[in-house]
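Colleague: one predicted model, sequence on top.
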Amino acid sequence: MIEKRQFYINGQWVNPAAANDLDVIDPATEEVCAVISLGDQADTDAAVAAARAAFDGWAETPLAERVALLRKLGEVYNTRRDDMAEAIRMEMGAPIDLARNGQWGSGEWHLAGFLEALENFEFEVEMGADRIRKEPIGVCALITPWNWPMNQVVLKAIPAMAVGCTMVLKPSEIAPLSSIVFAEIVDEAGFPPGVFNLVNGDGVGVGSQLSSHPDVDMVSFTGSTRAGIAISKAAADTLKRVSLELGGKGANVIFADADEKAVKRGVIHCMNNSGQSCNAPTRMMVERSAYPKALEIAKAAAEATQVGPTTQSGRHIGPVVSEVQFNKIQGLIETGIKEGATVLAGGLGRPEGMNKGYFVRPTVFADVTPDMTIYREEIFGPVLSITPFDTEEQAVEMANDTVYGLTNYVQTQDDEKRLRMARKVRSGMVETNGIGRIQGSPFGGYKQSGNGREGGEWGLEEFCETKAISGVPMG
Ligand SMILES: NC(=O)c1ccc[n+]([C@@H]2O[C@H](COP(=O)([O-])OP(=O)(O)OC[C@H]3O[C@@H](n4cnc5c(N)ncnc54)[C@H](O)[C@@H]3O)[C@@H](O)[C@H]2O)c1
(Lines give C-alpha, C1' and ligand atoms only; values in the text may rest on other atoms or scores of the structure.)
Protein backbone atom coordinates (compact mmCIF):
# COMPACT_ATOMS: atom_id res chain seq x y z
CA MET A 1 0.00 0.00 0.00
CA ILE A 2 1.17 3.50 -0.82
CA GLU A 3 2.01 5.75 2.13
CA LYS A 4 2.19 9.44 1.26
CA ARG A 5 1.73 11.32 4.49
CA GLN A 6 4.14 14.18 3.75
CA PHE A 7 3.42 17.61 2.30
CA TYR A 8 5.58 19.58 -0.11
CA ILE A 9 6.44 22.89 1.54
CA ASN A 10 9.25 25.28 0.66
CA GLY A 11 10.93 22.79 -1.65
CA GLN A 12 10.98 19.94 0.90
CA TRP A 13 8.82 16.93 1.71
CA VAL A 14 7.83 17.52 5.33
CA ASN A 15 5.84 15.62 7.94
CA PRO A 16 2.42 16.97 8.91
CA ALA A 17 2.30 19.03 12.10
CA ALA A 18 -0.04 16.47 13.67
CA ALA A 19 -0.96 12.92 12.69
CA ASN A 20 -4.31 12.73 10.89
CA ASP A 21 -4.42 9.83 8.47
CA LEU A 22 -6.94 9.39 5.70
CA ASP A 23 -7.38 6.27 3.59
CA VAL A 24 -7.63 6.65 -0.17
CA ILE A 25 -10.10 4.15 -1.57
CA ASP A 26 -9.79 2.55 -5.02
CA PRO A 27 -13.40 2.81 -6.25
CA ALA A 28 -13.04 -0.22 -8.53
CA THR A 29 -12.21 -2.54 -5.63
CA GLU A 30 -13.57 -0.60 -2.63
CA GLU A 31 -10.21 -1.30 -0.99
CA VAL A 32 -7.73 1.08 0.60
CA CYS A 33 -4.99 1.81 -1.96
CA ALA A 34 -3.08 4.54 -0.12
CA VAL A 35 -2.89 6.54 3.05
CA ILE A 36 -2.33 10.29 3.17
CA SER A 37 -2.46 12.91 5.93
CA LEU A 38 -4.97 15.68 6.33
CA GLY A 39 -3.21 18.92 7.18
CA ASP A 40 -4.18 21.35 9.89
CA GLN A 41 -3.81 25.09 10.46
CA ALA A 42 -0.07 24.82 11.22
CA ASP A 43 0.56 23.04 7.89
CA THR A 44 -1.56 25.57 6.00
CA ASP A 45 0.26 28.47 7.67
CA ALA A 46 3.69 26.99 6.88
CA ALA A 47 2.78 26.52 3.20
CA VAL A 48 1.30 30.02 2.88
CA ALA A 49 4.37 31.52 4.60
CA ALA A 50 6.67 29.68 2.17
CA ALA A 51 4.65 30.94 -0.80
CA ARG A 52 4.68 34.48 0.59
CA ALA A 53 8.45 34.42 1.14
CA ALA A 54 9.04 33.17 -2.41
CA PHE A 55 6.71 35.65 -4.07
CA ASP A 56 8.90 38.73 -4.64
CA GLY A 57 11.78 36.73 -6.08
CA TRP A 58 9.59 34.67 -8.36
CA ALA A 59 7.54 37.63 -9.57
CA GLU A 60 10.78 39.37 -10.53
CA THR A 61 12.32 36.33 -12.22
CA PRO A 62 12.62 37.10 -15.94
CA LEU A 63 9.83 35.56 -18.01
CA ALA A 64 12.33 33.59 -20.10
CA GLU A 65 13.57 31.82 -16.94
CA ARG A 66 10.04 31.03 -15.80
CA VAL A 67 9.24 29.67 -19.26
CA ALA A 68 12.40 27.55 -19.28
CA LEU A 69 11.30 25.98 -15.98
CA LEU A 70 7.81 25.33 -17.36
CA ARG A 71 9.34 23.60 -20.38
CA LYS A 72 11.47 21.49 -18.05
CA LEU A 73 8.34 20.67 -16.05
CA GLY A 74 6.72 19.52 -19.31
CA GLU A 75 9.68 17.23 -20.04
CA VAL A 76 9.51 15.65 -16.58
CA TYR A 77 5.70 15.38 -16.87
CA ASN A 78 6.22 13.26 -19.99
CA THR A 79 8.61 10.91 -18.21
CA ARG A 80 6.07 10.36 -15.39
CA ARG A 81 3.13 9.37 -17.59
CA ASP A 82 2.87 5.81 -16.25
CA ASP A 83 3.00 6.86 -12.59
CA MET A 84 0.52 9.65 -13.15
CA ALA A 85 -1.90 7.40 -15.04
CA GLU A 86 -1.67 4.70 -12.36
CA ALA A 87 -2.30 7.27 -9.60
CA ILE A 88 -5.40 8.60 -11.40
CA ARG A 89 -6.64 5.08 -12.14
CA MET A 90 -6.44 4.12 -8.47
CA GLU A 91 -7.67 7.31 -6.87
CA MET A 92 -10.71 8.06 -9.02
CA GLY A 93 -11.37 4.92 -11.03
CA ALA A 94 -10.50 5.96 -14.58
CA PRO A 95 -9.85 2.89 -16.76
CA ILE A 96 -6.13 2.74 -17.52
CA ASP A 97 -6.38 3.88 -21.16
CA LEU A 98 -8.51 6.89 -20.19
CA ALA A 99 -6.04 7.63 -17.37
CA ARG A 100 -3.07 7.47 -19.77
CA ASN A 101 -4.72 9.40 -22.58
CA GLY A 102 -7.58 11.75 -21.67
CA GLN A 103 -6.64 12.26 -18.03
CA TRP A 104 -2.84 12.46 -18.23
CA GLY A 105 -3.05 13.94 -21.74
CA SER A 106 -5.19 16.87 -20.66
CA GLY A 107 -2.24 18.11 -18.58
CA GLU A 108 0.15 17.93 -21.52
CA TRP A 109 -2.42 19.63 -23.77
CA HIS A 110 -3.05 22.57 -21.45
CA LEU A 111 0.64 23.08 -20.69
CA ALA A 112 1.32 23.36 -24.43
CA GLY A 113 -1.61 25.79 -24.74
CA PHE A 114 -0.20 28.02 -22.01
CA LEU A 115 3.30 28.01 -23.50
CA GLU A 116 1.85 29.09 -26.81
CA ALA A 117 -0.32 31.79 -25.22
CA LEU A 118 2.73 33.12 -23.34
CA GLU A 119 4.48 33.85 -26.62
CA ASN A 120 1.96 36.57 -27.40
CA PHE A 121 0.89 37.54 -23.90
CA GLU A 122 1.57 41.22 -23.30
CA PHE A 123 2.58 41.90 -19.73
CA GLU A 124 2.96 45.61 -20.50
CA VAL A 125 1.14 47.67 -23.13
CA GLU A 126 0.93 51.31 -24.08
CA MET A 127 -2.31 53.23 -23.77
CA GLY A 128 -1.76 56.78 -24.90
CA ALA A 129 0.71 58.24 -22.40
CA ASP A 130 0.00 55.48 -19.89
CA ARG A 131 1.61 52.12 -19.42
CA ILE A 132 -0.71 49.27 -18.46
CA ARG A 133 0.94 46.36 -16.71
CA LYS A 134 -0.19 42.86 -15.87
CA GLU A 135 1.33 41.78 -12.58
CA PRO A 136 1.00 38.52 -10.66
CA ILE A 137 -1.77 38.60 -8.05
CA GLY A 138 0.41 37.11 -5.32
CA VAL A 139 -0.07 33.99 -3.21
CA CYS A 140 -2.77 31.76 -4.71
CA ALA A 141 -4.69 28.90 -3.12
CA LEU A 142 -5.54 26.26 -5.72
CA ILE A 143 -8.39 23.99 -4.61
CA THR A 144 -9.22 21.18 -7.02
CA PRO A 145 -11.73 18.31 -7.47
CA TRP A 146 -11.27 14.59 -8.13
CA ASN A 147 -12.99 14.08 -11.49
CA TRP A 148 -10.30 15.33 -13.92
CA PRO A 149 -7.59 15.71 -11.29
CA MET A 150 -4.55 16.58 -13.41
CA ASN A 151 -6.54 18.64 -15.88
CA GLN A 152 -7.61 20.90 -13.03
CA VAL A 153 -4.20 21.12 -11.36
CA VAL A 154 -2.44 22.02 -14.62
CA LEU A 155 -5.12 24.58 -15.54
CA LYS A 156 -4.31 26.41 -12.31
CA ALA A 157 -0.68 25.76 -11.36
CA ILE A 158 0.86 26.39 -14.79
CA PRO A 159 -0.65 29.85 -15.47
CA ALA A 160 -0.04 30.86 -11.85
CA MET A 161 3.65 29.90 -12.18
CA ALA A 162 3.87 31.46 -15.63
CA VAL A 163 2.80 34.95 -14.60
CA GLY A 164 4.85 34.96 -11.39
CA CYS A 165 2.43 33.90 -8.67
CA THR A 166 3.35 31.50 -5.89
CA MET A 167 0.87 28.95 -4.65
CA VAL A 168 -0.48 26.34 -2.28
CA LEU A 169 -2.31 23.45 -3.93
CA LYS A 170 -4.94 21.54 -1.98
CA PRO A 171 -6.19 18.74 -4.20
CA SER A 172 -9.30 16.72 -3.49
CA GLU A 173 -8.72 14.48 -0.48
CA ILE A 174 -10.51 11.75 -2.45
CA ALA A 175 -7.96 11.88 -5.29
CA PRO A 176 -4.69 13.26 -3.86
CA LEU A 177 -2.21 10.82 -5.43
CA SER A 178 -1.85 12.45 -8.85
CA SER A 179 -1.14 15.81 -7.20
CA ILE A 180 1.61 14.21 -5.13
CA VAL A 181 3.16 12.98 -8.40
CA PHE A 182 2.74 16.52 -9.77
CA ALA A 183 4.62 17.95 -6.77
CA GLU A 184 7.45 15.47 -7.43
CA ILE A 185 7.53 16.68 -11.03
CA VAL A 186 7.75 20.33 -9.93
CA ASP A 187 10.54 19.39 -7.53
CA GLU A 188 12.50 17.55 -10.22
CA ALA A 189 12.05 20.42 -12.66
CA GLY A 190 13.89 22.62 -10.15
CA PHE A 191 11.49 25.44 -9.29
CA PRO A 192 12.74 27.72 -6.49
CA PRO A 193 11.54 26.63 -3.03
CA GLY A 194 8.18 28.07 -2.02
CA VAL A 195 6.87 28.78 -5.53
CA PHE A 196 4.74 25.65 -5.44
CA ASN A 197 3.53 24.03 -2.21
CA LEU A 198 1.18 21.13 -1.64
CA VAL A 199 -0.85 20.48 1.49
CA ASN A 200 -3.38 17.67 1.54
CA GLY A 201 -6.56 18.17 3.48
CA ASP A 202 -10.31 18.25 3.36
CA GLY A 203 -12.68 21.10 2.58
CA VAL A 204 -13.61 22.04 6.12
CA GLY A 205 -9.96 21.90 7.18
CA VAL A 206 -7.22 23.07 4.81
CA GLY A 207 -9.80 24.18 2.20
CA SER A 208 -11.49 26.70 4.45
CA GLN A 209 -8.18 27.68 6.13
CA LEU A 210 -6.82 28.67 2.74
CA SER A 211 -10.02 30.43 1.66
CA SER A 212 -10.01 32.65 4.75
CA HIS A 213 -6.23 33.03 5.14
CA PRO A 214 -5.18 36.69 5.47
CA ASP A 215 -1.98 36.06 3.52
CA VAL A 216 -3.65 34.42 0.50
CA ASP A 217 -4.46 36.88 -2.30
CA MET A 218 -6.55 34.66 -4.54
CA VAL A 219 -8.44 31.40 -4.47
CA SER A 220 -8.79 29.50 -7.71
CA PHE A 221 -11.38 26.83 -7.14
CA THR A 222 -12.89 24.03 -9.21
CA GLY A 223 -15.57 21.87 -7.69
CA SER A 224 -19.18 21.90 -6.66
CA THR A 225 -21.37 24.98 -6.59
CA ARG A 226 -21.99 24.24 -2.90
CA ALA A 227 -18.27 24.50 -2.04
CA GLY A 228 -17.86 27.49 -4.39
CA ILE A 229 -20.43 29.40 -2.33
CA ALA A 230 -18.74 28.39 0.96
CA ILE A 231 -15.34 29.49 -0.37
CA SER A 232 -16.71 32.83 -1.62
CA LYS A 233 -18.16 33.52 1.82
CA ALA A 234 -14.94 32.50 3.60
CA ALA A 235 -12.91 34.71 1.26
CA ALA A 236 -15.19 37.71 1.65
CA ASP A 237 -13.73 39.01 4.91
CA THR A 238 -10.32 39.48 3.31
CA LEU A 239 -11.77 40.40 -0.13
CA LYS A 240 -9.64 37.90 -1.98
CA ARG A 241 -10.02 37.37 -5.67
CA VAL A 242 -12.08 34.22 -6.10
CA SER A 243 -12.14 32.41 -9.42
CA LEU A 244 -14.75 29.67 -9.62
CA GLU A 245 -15.27 26.72 -12.00
CA LEU A 246 -18.37 24.92 -10.77
CA GLY A 247 -21.04 22.44 -11.75
CA GLY A 248 -23.07 22.10 -14.93
CA LYS A 249 -26.18 20.61 -16.49
CA GLY A 250 -25.44 21.01 -20.18
CA ALA A 251 -28.19 20.89 -22.80
CA ASN A 252 -27.51 19.06 -26.04
CA VAL A 253 -30.04 20.46 -28.53
CA ILE A 254 -30.47 18.08 -31.46
CA PHE A 255 -32.53 19.36 -34.39
CA ALA A 256 -34.16 17.04 -36.90
CA ASP A 257 -31.59 18.10 -39.50
CA ALA A 258 -28.61 17.12 -37.32
CA ASP A 259 -26.01 14.74 -38.74
CA GLU A 260 -26.90 11.08 -38.26
CA LYS A 261 -24.25 10.47 -35.57
CA ALA A 262 -25.43 13.30 -33.30
CA VAL A 263 -27.51 11.20 -30.88
CA LYS A 264 -24.95 8.41 -30.49
CA ARG A 265 -22.19 10.98 -30.03
CA GLY A 266 -24.23 12.72 -27.34
CA VAL A 267 -24.76 9.48 -25.39
CA ILE A 268 -21.07 8.54 -25.56
CA HIS A 269 -20.04 12.02 -24.48
CA CYS A 270 -22.42 11.95 -21.52
CA MET A 271 -21.12 8.54 -20.35
CA ASN A 272 -17.43 9.46 -20.78
CA ASN A 273 -15.43 9.39 -17.49
CA SER A 274 -18.48 7.59 -16.01
CA GLY A 275 -20.52 10.78 -16.41
CA GLN A 276 -18.22 12.67 -14.04
CA SER A 277 -17.55 15.81 -16.08
CA CYS A 278 -18.86 19.25 -15.26
CA ASN A 279 -19.38 19.93 -18.98
CA ALA A 280 -21.19 16.64 -19.72
CA PRO A 281 -24.16 17.01 -22.11
CA THR A 282 -26.63 15.49 -19.64
CA ARG A 283 -29.89 16.97 -20.95
CA MET A 284 -30.46 15.79 -24.51
CA MET A 285 -33.23 17.74 -26.21
CA VAL A 286 -34.53 16.35 -29.47
CA GLU A 287 -36.83 17.98 -32.04
CA ARG A 288 -40.10 16.07 -31.86
CA SER A 289 -40.10 14.73 -35.43
CA ALA A 290 -36.73 13.07 -34.75
CA TYR A 291 -37.61 11.96 -31.20
CA PRO A 292 -38.72 8.31 -31.75
CA LYS A 293 -35.66 7.49 -33.83
CA ALA A 294 -33.39 9.28 -31.33
CA LEU A 295 -34.73 7.11 -28.48
CA GLU A 296 -33.87 3.96 -30.42
CA ILE A 297 -30.34 5.16 -31.10
CA ALA A 298 -29.80 6.36 -27.53
CA LYS A 299 -30.97 3.06 -26.06
CA ALA A 300 -28.63 1.10 -28.32
CA ALA A 301 -25.71 3.41 -27.58
CA ALA A 302 -26.20 3.16 -23.80
CA GLU A 303 -26.53 -0.62 -23.99
CA ALA A 304 -23.34 -0.76 -26.04
CA THR A 305 -21.44 1.20 -23.37
CA GLN A 306 -19.27 -1.35 -21.62
CA VAL A 307 -18.50 -1.07 -17.92
CA GLY A 308 -15.35 -2.79 -16.69
CA PRO A 309 -12.28 -2.97 -14.47
CA THR A 310 -9.90 -0.04 -14.44
CA THR A 311 -6.86 -2.25 -14.94
CA GLN A 312 -8.24 -3.52 -18.25
CA SER A 313 -7.29 -1.79 -21.47
CA GLY A 314 -10.16 -0.56 -23.64
CA ARG A 315 -12.78 2.13 -24.10
CA HIS A 316 -15.16 0.95 -21.39
CA ILE A 317 -16.16 3.15 -18.48
CA GLY A 318 -15.05 2.52 -14.90
CA PRO A 319 -16.78 3.00 -11.56
CA VAL A 320 -17.89 6.31 -10.10
CA VAL A 321 -15.53 7.78 -7.56
CA SER A 322 -16.94 6.78 -4.17
CA GLU A 323 -19.66 5.11 -2.19
CA VAL A 324 -21.17 8.53 -1.45
CA GLN A 325 -21.41 9.31 -5.19
CA PHE A 326 -22.70 5.80 -5.95
CA ASN A 327 -25.50 6.19 -3.40
CA LYS A 328 -26.32 9.71 -4.59
CA ILE A 329 -26.60 8.53 -8.21
CA GLN A 330 -28.75 5.53 -7.22
CA GLY A 331 -31.01 7.90 -5.28
CA LEU A 332 -31.40 10.17 -8.31
CA ILE A 333 -32.16 7.23 -10.62
CA GLU A 334 -34.82 6.14 -8.14
CA THR A 335 -36.25 9.67 -8.06
CA GLY A 336 -36.34 9.74 -11.88
CA ILE A 337 -38.37 6.53 -11.89
CA LYS A 338 -40.72 7.76 -9.13
CA GLU A 339 -41.28 11.08 -10.87
CA GLY A 340 -42.43 9.27 -14.01
CA ALA A 341 -39.51 9.34 -16.46
CA THR A 342 -39.21 6.30 -18.75
CA VAL A 343 -36.12 4.11 -18.23
CA LEU A 344 -34.84 3.38 -21.74
CA ALA A 345 -31.59 1.72 -20.68
CA GLY A 346 -29.80 0.85 -17.45
CA GLY A 347 -31.50 1.65 -14.15
CA LEU A 348 -30.88 0.86 -10.52
CA GLY A 349 -28.10 -1.36 -9.18
CA ARG A 350 -24.74 -2.47 -10.52
CA PRO A 351 -24.21 -3.77 -14.05
CA GLU A 352 -24.86 -7.49 -14.41
CA GLY A 353 -22.14 -9.70 -13.00
CA MET A 354 -20.54 -6.97 -10.88
CA ASN A 355 -20.89 -7.13 -7.14
CA LYS A 356 -17.96 -5.03 -6.00
CA GLY A 357 -16.80 -1.55 -6.90
CA TYR A 358 -18.87 1.58 -7.40
CA PHE A 359 -20.02 0.65 -10.89
CA VAL A 360 -23.22 2.22 -12.21
CA ARG A 361 -25.33 1.03 -15.15
CA PRO A 362 -25.21 3.43 -18.11
CA THR A 363 -28.73 4.83 -17.80
CA VAL A 364 -30.95 6.75 -20.19
CA PHE A 365 -34.26 8.31 -19.23
CA ALA A 366 -36.77 9.38 -21.89
CA ASP A 367 -39.79 11.69 -21.55
CA VAL A 368 -38.03 13.76 -18.91
CA THR A 369 -39.86 17.01 -18.16
CA PRO A 370 -38.41 20.25 -16.80
CA ASP A 371 -40.14 19.84 -13.44
CA MET A 372 -38.31 16.55 -12.72
CA THR A 373 -35.37 16.41 -10.34
CA ILE A 374 -33.16 14.59 -12.88
CA TYR A 375 -33.66 17.47 -15.34
CA ARG A 376 -32.41 20.00 -12.82
CA GLU A 377 -29.78 18.41 -10.57
CA GLU A 378 -26.22 17.63 -11.58
CA ILE A 379 -26.13 13.81 -11.23
CA PHE A 380 -22.41 13.30 -11.92
CA GLY A 381 -22.85 9.73 -13.07
CA PRO A 382 -23.53 7.93 -16.37
CA VAL A 383 -27.15 9.09 -16.54
CA LEU A 384 -28.71 10.90 -19.50
CA SER A 385 -32.14 12.58 -19.73
CA ILE A 386 -33.96 13.02 -23.04
CA THR A 387 -36.75 15.55 -23.62
CA PRO A 388 -38.58 16.43 -26.86
CA PHE A 389 -39.07 20.01 -28.09
CA ASP A 390 -41.14 21.60 -30.84
CA THR A 391 -39.61 24.94 -31.81
CA GLU A 392 -36.25 26.70 -31.77
CA GLU A 393 -37.57 29.22 -29.23
CA GLN A 394 -38.65 26.41 -26.94
CA ALA A 395 -35.23 24.76 -27.27
CA VAL A 396 -33.50 27.98 -26.18
CA GLU A 397 -35.89 28.38 -23.26
CA MET A 398 -35.37 24.79 -22.13
CA ALA A 399 -31.58 24.96 -22.48
CA ASN A 400 -31.53 28.12 -20.35
CA ASP A 401 -33.96 26.77 -17.75
CA THR A 402 -31.24 25.86 -15.24
CA VAL A 403 -29.16 27.59 -12.58
CA TYR A 404 -26.06 26.40 -14.44
CA GLY A 405 -24.40 27.78 -17.58
CA LEU A 406 -21.20 25.91 -18.36
CA THR A 407 -21.37 24.17 -21.76
CA ASN A 408 -24.33 23.77 -24.10
CA TYR A 409 -24.29 21.77 -27.30
CA VAL A 410 -26.13 22.34 -30.59
CA GLN A 411 -26.51 19.86 -33.44
CA THR A 412 -27.91 21.00 -36.79
CA GLN A 413 -26.53 21.20 -40.30
CA ASP A 414 -28.09 24.64 -40.75
CA ASP A 415 -25.19 27.06 -40.08
CA GLU A 416 -27.40 30.06 -39.37
CA LYS A 417 -29.59 28.20 -36.92
CA ARG A 418 -26.51 26.84 -35.16
CA LEU A 419 -25.06 30.30 -34.67
CA ARG A 420 -28.43 31.76 -33.63
CA MET A 421 -28.80 29.08 -30.98
CA ALA A 422 -25.18 29.44 -29.84
CA ARG A 423 -25.72 33.16 -29.30
CA LYS A 424 -28.91 32.72 -27.32
CA VAL A 425 -27.93 30.04 -24.84
CA ARG A 426 -26.54 31.38 -21.57
CA SER A 427 -23.31 29.49 -21.07
CA GLY A 428 -19.58 30.13 -21.18
CA MET A 429 -19.10 27.55 -23.91
CA VAL A 430 -21.18 26.22 -26.80
CA GLU A 431 -19.92 23.24 -28.73
CA THR A 432 -21.58 22.53 -32.04
CA ASN A 433 -21.79 19.45 -34.27
CA GLY A 434 -19.34 17.47 -32.14
CA ILE A 435 -16.42 19.79 -32.79
CA GLY A 436 -14.36 20.28 -29.64
CA ARG A 437 -12.94 23.65 -28.67
CA ILE A 438 -9.36 24.34 -29.74
CA GLN A 439 -6.29 24.46 -27.50
CA GLY A 440 -6.15 27.63 -25.45
CA SER A 441 -9.86 28.42 -25.92
CA PRO A 442 -11.34 29.72 -22.64
CA PHE A 443 -13.12 27.25 -20.34
CA GLY A 444 -15.62 28.61 -17.83
CA GLY A 445 -19.23 29.22 -16.97
CA TYR A 446 -22.07 31.68 -16.58
CA LYS A 447 -24.51 31.78 -13.66
CA GLN A 448 -23.94 29.15 -10.95
CA SER A 449 -21.32 27.41 -13.09
CA GLY A 450 -18.85 30.03 -11.91
CA ASN A 451 -17.04 33.17 -12.97
CA GLY A 452 -13.54 32.08 -14.00
CA ARG A 453 -11.99 31.40 -17.39
CA GLU A 454 -9.24 28.80 -17.64
CA GLY A 455 -6.80 27.85 -20.39
CA GLY A 456 -4.57 29.84 -22.76
CA GLU A 457 -4.49 33.63 -22.64
CA TRP A 458 -7.64 33.91 -20.51
CA GLY A 459 -6.19 31.49 -17.99
CA LEU A 460 -3.05 33.62 -17.69
CA GLU A 461 -5.16 36.76 -17.17
CA GLU A 462 -6.94 35.11 -14.24
CA PHE A 463 -3.76 35.21 -12.17
CA CYS A 464 -2.91 38.83 -12.97
CA GLU A 465 -3.70 42.20 -11.48
CA THR A 466 -3.82 45.18 -13.84
CA LYS A 467 -1.80 48.27 -12.99
CA ALA A 468 -2.05 51.63 -14.78
CA ILE A 469 1.07 53.84 -14.64
CA SER A 470 1.09 57.42 -15.87
CA GLY A 471 4.03 59.64 -16.67
CA VAL A 472 6.54 56.93 -17.60
CA PRO A 473 5.87 56.40 -21.32
CA MET A 474 7.05 53.25 -23.04
CA GLY A 475 9.92 54.28 -25.24
N1 LIG B 1 -16.52 23.97 -14.01
C2 LIG B 1 -15.45 23.21 -13.98
O3 LIG B 1 -14.41 23.54 -14.56
C4 LIG B 1 -15.46 21.92 -13.22
C5 LIG B 1 -14.51 20.96 -13.51
C6 LIG B 1 -14.51 19.77 -12.80
C7 LIG B 1 -15.46 19.57 -11.79
N8 LIG B 1 -16.38 20.51 -11.53
C9 LIG B 1 -17.39 20.29 -10.49
O10 LIG B 1 -16.80 19.68 -9.35
C11 LIG B 1 -17.77 18.90 -8.65
C12 LIG B 1 -17.21 17.54 -8.33
O13 LIG B 1 -16.05 17.64 -7.63
P14 LIG B 1 -15.97 17.43 -6.04
O15 LIG B 1 -17.02 16.49 -5.57
O16 LIG B 1 -14.54 17.15 -5.75
O17 LIG B 1 -16.39 18.86 -5.52
P18 LIG B 1 -16.29 19.42 -4.05
O19 LIG B 1 -16.81 20.81 -4.16
O20 LIG B 1 -16.88 18.53 -3.04
O21 LIG B 1 -14.74 19.43 -3.75
C22 LIG B 1 -13.83 20.14 -4.57
C23 LIG B 1 -12.66 20.61 -3.73
O24 LIG B 1 -13.14 21.58 -2.80
C25 LIG B 1 -12.77 21.22 -1.48
N26 LIG B 1 -13.80 21.74 -0.61
C27 LIG B 1 -14.99 21.18 -0.30
N28 LIG B 1 -15.68 21.98 0.54
C29 LIG B 1 -14.89 23.06 0.77
C30 LIG B 1 -15.03 24.23 1.58
N31 LIG B 1 -16.11 24.44 2.31
N32 LIG B 1 -14.03 25.12 1.58
C33 LIG B 1 -12.92 24.92 0.85
N34 LIG B 1 -12.72 23.83 0.08
C35 LIG B 1 -13.70 22.92 0.04
C36 LIG B 1 -12.63 19.71 -1.53
O37 LIG B 1 -11.83 19.26 -0.49
C38 LIG B 1 -12.01 19.52 -2.90
O39 LIG B 1 -10.63 19.77 -2.87
C40 LIG B 1 -18.95 18.82 -9.59
O41 LIG B 1 -19.96 19.69 -9.16
C42 LIG B 1 -18.38 19.29 -10.91
O43 LIG B 1 -19.32 19.79 -11.80
C44 LIG B 1 -16.38 21.69 -12.22
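Modeller: In hand now; what should we look at? Residues are numbered from 1 along each chain as shown.

Colleague: tell me the buried residues in stretch 236-247?
Modeller: For stretch 236-247, the neighbour count (16 or more other CB atoms under 10 Å) marks 240, 241, 242, 243, 244, 245, 246, 247 as buried. For glycine as for every other residue, the C-beta is placed from the backbone atoms N, C-alpha and C.

Colleague: of those residues, which are in range of the ligand?
Modeller: Counting by CB under 6 Å from any ligand atom, 245, 246, 247 from the buried residues of stretch 236-247 sit close to the ligand.

Colleague: pull the contacting residues for residue 155.
Modeller: For residue 155, the contact set (CB atoms under 8 Å, 6 or more residues apart in numbering) comprises 110, 222, 443, 454, 455, 459.

Colleague: dihedrals phi and psi, the second one?
Modeller: Right, residue 222. Main-chain torsions, residue 222, degrees, to the nearest 10: phi -130, psi 130.

Colleague: go ahead and confirm residue 289 touches residue 256.
Modeller: Yes. Residue 289 is within contact range of residue 256, at 4.8 Å (criterion: CB atoms under 8 Å).

Colleague: in strands, which of the ones next to the ligand among the buried residues of stretch 236-247 appear?
Modeller: residue 245 (DSSP state E).

Colleague: tell me the one of the contacts of residue 155 nearest the ligand?
Modeller: Of all the contacts of residue 155, the ligand sits closest to residue 222, with 4.6 Å by CB to the nearest ligand atom.

Colleague: could you find the closest non-adjacent residue to the closest one?
Modeller: Nearest residue to residue 222, sequence neighbours excluded (CB to CB, 6 or more residues apart in numbering): residue 245, at 4.1 Å.

Colleague: check contacts around the one you found.
Modeller: 152, 221, 222, 223, 278, 443, 444, 445, 449, 450, 452, 454.

Colleague: how close does it sit to residue 84?
Modeller: Distance, residue 245 to residue 84, by CB to CB, to the nearest Å: 21 Å.

Colleague: the helices in the stretch 301-450 of the chain, which residues?
Modeller: 323-338, 373-376, 392-400, 415-424 (DSSP state H, counting those that start in this stretch).

Colleague: next, the angle from the last one to helix 392-400.
Modeller: Right, the one you point to is helix 415-424. On the basis of axes from the mean of the first three to the mean of the last three CA atoms, to 10 degrees, helix 415-424 is oriented at 40 degrees to helix 392-400.

Colleague: residue 113: neighbour count?
Modeller: The number of residues packed near residue 113 is 22, by other CB atoms under 10 Å.

Colleague: and the contacts of the helix or strand where residue 112 lies?
Modeller: Using DSSP states H and E, residue 112 sits in helix 104-120. By CB under 8 Å, 6+ apart, the residues outside helix 104-120 that reach it are 63, 67, 70-71, 73-74, 77-78, 81, 84-85, 88, 148, 150-151, 153-155, 158-159, 162, 439-440, 455-457, 459-460.

Colleague: would you list the buried entries among those?
Modeller: For the contacts of helix 104-120, buried by 16+ other CB under 10 Å: 67, 70, 73-74, 77, 81, 84-85, 88, 148, 150-151, 153-155, 158-159, 162, 440, 455-457, 459-460.

Colleague: any idea how far residue 73 is from residue 67?
Modeller: Distance, residue 67 to residue 73, by CB to CB: 10 Å.

Colleague: find residues that contact each of the two.
Modeller: If you check residue 67 and residue 73 against CB under 8 Å, 6+ apart, no residue is contacted by both.

Colleague: and the stretch 251-400 of the chain, which of its residues are near the ligand?
Modeller: Contact residues, the stretch 251-400 of the chain versus the ligand (CB under 6 Å from any ligand atom): 278, 378, 380.

Colleague: pull the contacting residues for the last one.
Modeller: Right, residue 380. Residue 380 sits next to 147, 275, 276, 320, 325, 328, 329 when contact means CB under 8 Å, 6+ apart.

Colleague: and what of the first one?
Modeller: Contact partners of residue 278, counting by CB under 8 Å, 6+ apart, are 147, 222, 245, 246, 247, 248, 378, 406, 449.

Colleague: tell me if it really is in a helix.
Modeller: No. Residue 278: not assigned to a helix; according to DSSP: H, G, I helix; E, B strand; the rest coil it is coil.

Colleague: near the ligand, which residues of the stretch 101-250 of the chain?
Modeller: Residues of the stretch 101-250 of the chain lying near the ligand (CB under 6 Å from any ligand atom): 143-148, 170, 172-173, 202-204, 207-208, 211, 222-224, 227, 230-231, 245-248.

Colleague: PyMOL command to pick out the buried ones of the residues you listed?
Modeller: Per 16+ other CB under 10 Å, the buried members of these correspond to this PyMOL selection:
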select buried, resi 143+144+145+146+147+148+170+172+173+202+203+207+208+211+222+223+224+227+230+231+245+246+247+248
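
Colleague: with that, I have no additional questions.
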